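[1] for reference, the sequence and a predicted model appear below.
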Amino acid sequence: MKNVVIGVTGGIAAYKALEVVSALKKLGIGVDVAMSKSAQEFVRPLSFQSLSQNPVLTDMFMEPKAWEIAHISLAKKADVFAVVPATANIIGKIAGGIADDFISTSIMATEAKKLIAPAMNTRMFANPIVQENITKLKGLGYSFTMPGSGRLACGDVGEGKLANVQDIVDDIVRLLYPKNDFEGKKVLVTAGGTVAPIDPVRLISNRSSGKMGISIAEAARDRGADVTLVYGEVSVPLPSGVNLIEAKTNSEMRDASLSVYDSMDYVIKAAAVSDFKVMNYSETKIKKKDGTLVIELEKDNDILREMGERKKGQVLVGFAAESHDIEKYATDKLENKNLDFIAANDISGGKVFGEDRNSLVLYSRSGKKTAFGELSKRETADRLLDEILKKE
């Protein structure tokens, strides 16, 4: 039987860890729980003991049973060690190599896969130190179930709310039972938005955060693929363990993508690439003046169409962000650009961009239509990979 250790740290979201424990037990997974001293101010250990059916570990210096030192025994027992919720404090301790309590000591001693689900005030989460610690831990192989946006307990509205329980459970299960069905495959993913410069200061861009493309790159990496990520403007940390190529403009993304295109098995174009560029770019800053400023635009490269024309065995997947007549525009794009699949997003009402969840509909060249329903972007990424893998 697989075993998960849940480290619960002190935050108002600590009660949500009870739901995580319950869900894992229902899946037949063994669960042990360790609580920080501050976590016990929010939830009593007895609640976790009742759900996990195991003693809850609260003290690094608990009396050893069968001559096992508790935090070392727990570290060895874990197949996955998850911190839910993870405060800025515990993230900082782990990133800094500090081991001064039961959870930080155990996670330092374990060779298990590690998952961190942050939950904290919006401003704390946005703090550059916290973000730097998260980026560092990702680079060291730690997985994250990133927080969502909403109203927090402190009254602030923004990012920092603990992720949905089901998303956390899904990520734990993925770590317990990894897929390697993309092993030996080369996957190119594009992510983020591109810019169209007006002058050395100003530019035209779009609202893409890069979350969907980066989630696809992470999912493909975790399933064994050799991943190249060509990225533009993104608002989330870049993944580790993939080949990274920065491309800010349409032309840069075209050149970067086509430079590796012929060697790829799968190409997933999730980037929001500028369709137009400024006709007369000004080498000097345009000075403010009375009246209106007219900027003429012209069509830029259609990278996806060019890839469709050059396709030699690659599975080519495009994205269509549409506000109306979604199926018509998506299927037209599928045919006209010689794609194998197209994933359609409904962006009416400002949905999708920057959000943590998505509702894709995937159309295939064979005429199949698959609606994924509302899922986290990471879960959407895995569903997308499942479907495109079936083409073989």
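    Now that the structure is in, tell me what you want to look at.

[2] okay, CA-based contacts and neighbour counts for the rest of this
    Fine.

[3] give me the low-pLDDT residue ranges for the stretch 51-200 of the chain?
    Low-confidence segments of the stretch 51-200 of the chain, defined by pLDDT under 70: 60-72, 151-157.

[4] how about the helices in it?
    If DSSP state H, counting those that start in this stretch is used as the criterion, the helices of the stretch 51-200 of the chain fall at 70-77, 88-96, 102-109, 122-126, 128-139, 165-176.

[5] just put the ones you listed in a markdown table and tack on mean neighbour count and distance to residue 279.
    Listed next are the helices of the stretch 51-200 of the chain as a markdown table, based on neighbours: other C-alpha atoms under 10 Å; distance: least, C-alpha to C-alpha, whole Å:
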| stretch | mean neighbour count | distance to residue 279 |
| --- | --- | --- |
| helix 70-77 | 19 | 61 |
| helix 88-96 | 18 | 47 |
| helix 102-109 | 22 | 55 |
| helix 122-126 | 17 | 37 |
| helix 128-139 | 17 | 38 |
| helix 165-176 | 18 | 45 |
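
[6] quick one, domains of the protein?
    With automatic domain parsing as the criterion, the domains of the chain are listed as 3-176, 186-389.

[7] right, and residue 302 touches residue 275 too?
    Yes - the pair residue 302 and residue 275 qualifies as a contact (C-alpha atoms under 8 Å) at a distance of 7.3 Å.

[8] mutual contacts of these two, please.
    When C-alpha atoms under 8 Å, 6 or more residues apart in numbering defines a contact, no residue borders residue 302 and residue 275 alike.

[9] picking that back up, TSV for the helices of the stretch 51-200 of the chain, including distance to residue 202?
    Converted to TSV, those look like this (distance: least, C-alpha to C-alpha, whole Å):
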stretch	distance to residue 202
helix 70-77	52
helix 88-96	36
helix 102-109	46
helix 122-126	26
helix 128-139	26
helix 165-176	39
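
[10] so which of these comes closest to residue 204?
    Smallest distance to residue 204 across the helices of the stretch 51-200 of the chain (C-alpha to C-alpha): 25.2 Å, for helix 122-126.

[11] who are the packing partners of that closest one?
    Based on contacts counted as 3 or more C-alpha pairs under 8 Å, 6 or more residues apart in numbering; DSSP states H and E, the elements that helix 122-126 packs against are strand 157-161.

[12] which of the residues in the strand it packs on are buried?
    158-161 (16 or more other C-alpha atoms under 10 Å).

[13] then stretch 337-353?
    When neighbours are counted by 16+ other C-alpha under 10 Å, the buried residues of stretch 337-353 are found to be 337-346, 352-353.

[14] stretch 383-392 too?
    Along stretch 383-392, the positions that meet the burial threshold by neighbour count (16+ other C-alpha under 10 Å) are 383-385, 388.

[15] got the CA coordinates for that stretch in CSV?
    Listed in CSV are the C-alpha atoms of stretch 383-392, where the atom choice follows Å, rounded to 0.1, in the frame of the first residue of the first chain:
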residue,chain,number,x,y,z
ARG,A,383,-6.4,15.2,-20.1
LEU,A,384,-5.1,16.9,-23.2
LEU,A,385,-2.0,14.7,-23.3
ASP,A,386,-4.2,11.6,-22.8
GLU,A,387,-6.3,12.5,-25.8
ILE,A,388,-3.4,13.4,-28.2
LEU,A,389,-1.6,10.2,-27.2
LYS,A,390,-4.5,8.2,-28.6
LYS,A,391,-3.7,9.4,-32.1
GLU,A,392,-0.9,6.9,-32.3
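
[16] what residues does it touch?
    216, 220, 315, 341, 362, 372.

[17] can you pull out the helices in the stretch 251-392 of the chain?
    Assignment of helices within the stretch 251-392 of the chain using DSSP H, counting those that start in this stretch yields the ranges 303-310, 326-336, 377-389.

[18] now render those as a markdown table, adding mean pLDDT and distance to residue 285.
    What follows is the helices of the stretch 251-392 of the chain, written out as a markdown table (pLDDT from 0 to 100; distance: least, C-alpha to C-alpha, whole Å):
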| stretch | mean pLDDT | distance to residue 285 |
| --- | --- | --- |
| helix 303-310 | 96 | 29 |
| helix 326-336 | 91 | 37 |
| helix 377-389 | 91 | 39 |
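
[19] thinking again about what came up before, show the buried residues in the contacts of stretch 383-392.
    Buried positions within the contacts of stretch 383-392, assessed by neighbour count (16+ other C-alpha under 10 Å), are 216, 220, 315, 341, 362.

[20] give me the distance between the second one and residue 226.
    The reference is to residue 220. Here the criterion is C-alpha to C-alpha, to the nearest Å. By it, residue 220 lies 8 Å from residue 226.

[21] try the fourth one
    Relative to residue 226, residue 341 is positioned 21 Å away (criterion: C-alpha to C-alpha).

[22] number of nearby residues for the spatially closest residue to residue 344 that is not a sequence neighbour?
    Nearest residue to residue 344, sequence neighbours excluded (C-alpha to C-alpha, 6 or more residues apart in numbering): residue 320, at 4.7 Å. When neighbours are defined as other C-alpha atoms under 10 Å, residue 320 has 24 of them.

[23] now residue 256
    Other residues near residue 256 come to 18 when the count uses other C-alpha under 10 Å.
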